[in-house]
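Participant: Next one to model:
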Amino acid sequence: MAGVTGEPTSARVDAWIWSVRLTKTRSIAATACRAGHVRVNGERVKAAHALKVGDEVRFRHDGHERIVVVRKLILKRVGAPVAVECYTDNSPPPPPRDLTAAAGIRDRGTGRPTKRDRRDLDRLRGA
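Facilitator: Residues are numbered from 1 along each chain as shown. All right, here's what the predicted structure looks like:
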């Protein structure tokens, strides 16, 4: 629906997340909604939920949580400089690289890790 100024007054949450380039595809955004990884103003929402300007969207993707506030509604995917103007990013900064566990580096030619190696790696990563 378009308002008096020609801008939409509401947009589907999955389409908006894709339009502002928080996900690579719209189907990833819809899948995240179905899995409960998208919250609007603290409530889990379905993909067809209508967003309005001022809504807070919490989106968990690839192990990181993005917290954005909707500043402008768009229905079509736009370039990155324009997309950044459509939301205010309130996401916490990522943890420093030195605090994250490094991936296990194996010597070349040692083959696949054994079950014992995998358990040691899991224990190192804190899983």
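
Participant: Assumed residue 67 was part of a strand.
Facilitator: Yes: using DSSP: H, G, I helix; E, B strand; the rest coil, the assignment for residue 67 is a strand.

Participant: Ramachandran angles for residue 52?
Facilitator: phi -130, psi 160 (degrees, to the nearest 10).

Participant: oh, I was asking about residue 16
Facilitator: The phi and psi values for residue 16, taken as degrees, to the nearest 10, are phi -70, psi -40.

Participant: Could you list the low-confidence segments of this protein?
Facilitator: Residue ranges of the chain with pLDDT under 70: 1-6, 97-104, 127.

Participant: Please enumerate the strands of it.
Facilitator: Secondary structure of the chain (DSSP state E): strands at 11-12, 38-40, 43-44, 50-51, 56-61, 64-70, 87-89.

Participant: For residue 119, find the nearest of these.
Facilitator: Evaluated over those, closeness to residue 119 peaks at strand 64-70, with 26.4 Å, by CB to CB. In short, each C-beta sits where N, CA and C put it, glycine included.

Participant: what packs against the biggest helix by length in the chain?
Facilitator: Ranked by residue count under DSSP state H, the longest helix found in the chain is helix 115-125. On a contact count with 3 or more CB pairs under 8 Å, 6 or more residues apart in numbering; DSSP states H and E, helix 115-125 meets no helix or strand.

Participant: buried set for stretch 30-47?
Facilitator: 30, 32-33, 38-40, 45, 47 (16 or more other CB atoms under 10 Å).

Participant: pretty sure residue 41 is touching residue 54, no?
Facilitator: No: assessed by CB atoms under 8 Å, residue 41 is found out of contact with residue 54, at 9.2 Å.

Participant: coming back round to it: closest one to residue 116 among the strands of the chain?
Facilitator: Nearest to residue 116, of all those, is strand 64-70, at 31.0 Å by CB to CB.
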